[in-house]
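J.: Sequence plus the predicted model coming up.
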Amino acid sequence: MIIGSPGTVRKDGFATEEEAIAAGEALRVNKEKTVIATHFTWRF
């Protein structure tokens, strides 16, 4: 959590909606990469 950031701080610790969306997108992409890597390992 950012201390002394302007505006309200969300319950989940992200200062802005944009930060929360960006973090969620990063997690989603990372999850997809993991799934693809796992399928690749299973095939070979």
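T.: Yes, it's here.
J.: Show me the helices in the chain, by range?
T.: Ranges of helices within the chain are 17-43, based on DSSP state H.
J.: so where's the chain uncertain?
T.: Filtered on pLDDT under 70, the chain yields the residue ranges 1-15, 42-44.
J.: and if we set it to 50?
T.: The model of the chain has pLDDT under 50 over residues 1.
J.: Within its local environment, how many residues does Ile36 see?
T.: Residues near Ile36, counting by other CB atoms under 10 Å, number 10. All C-beta atoms are positioned from the backbone trio N, CA, C, and that covers glycine.
J.: Show the contacting residues for it.
T.: Residues near Ile36 by CB atoms under 8 Å, 6 or more residues apart in numbering: none.
J.: any idea how far it lies from Val29?
T.: Separation of Ile36 from Val29 (CB to CB, to the nearest Å) stands at 11 Å.
J.: Can you report how many residues lie near Glu19?
T.: Counted with other CB under 10 Å, residues neighbouring Glu19 total 15.
J.: can you offset everything so residue one is 53?
T.: Understood, numbering begins at 53; the last thing we discussed is Glu71.
J.: just to revisit the earlier point, what sits in contact with each of Ile88 and Val81?
T.: Common neighbours of Ile88 and Val81 (CB under 8 Å, 6+ apart) do not exist.
J.: Tell me, how many residues neighbour Ala89?
T.: 10.
J.: same deal with the one 3 residues further on?
T.: For Phe92, the number of neighbouring residues by other CB under 10 Å comes to 9.
J.: try Thr68
T.: Neighbourhood size, Thr68 [other CB under 10 Å]: 15.
J.: Alright, I will stop here.
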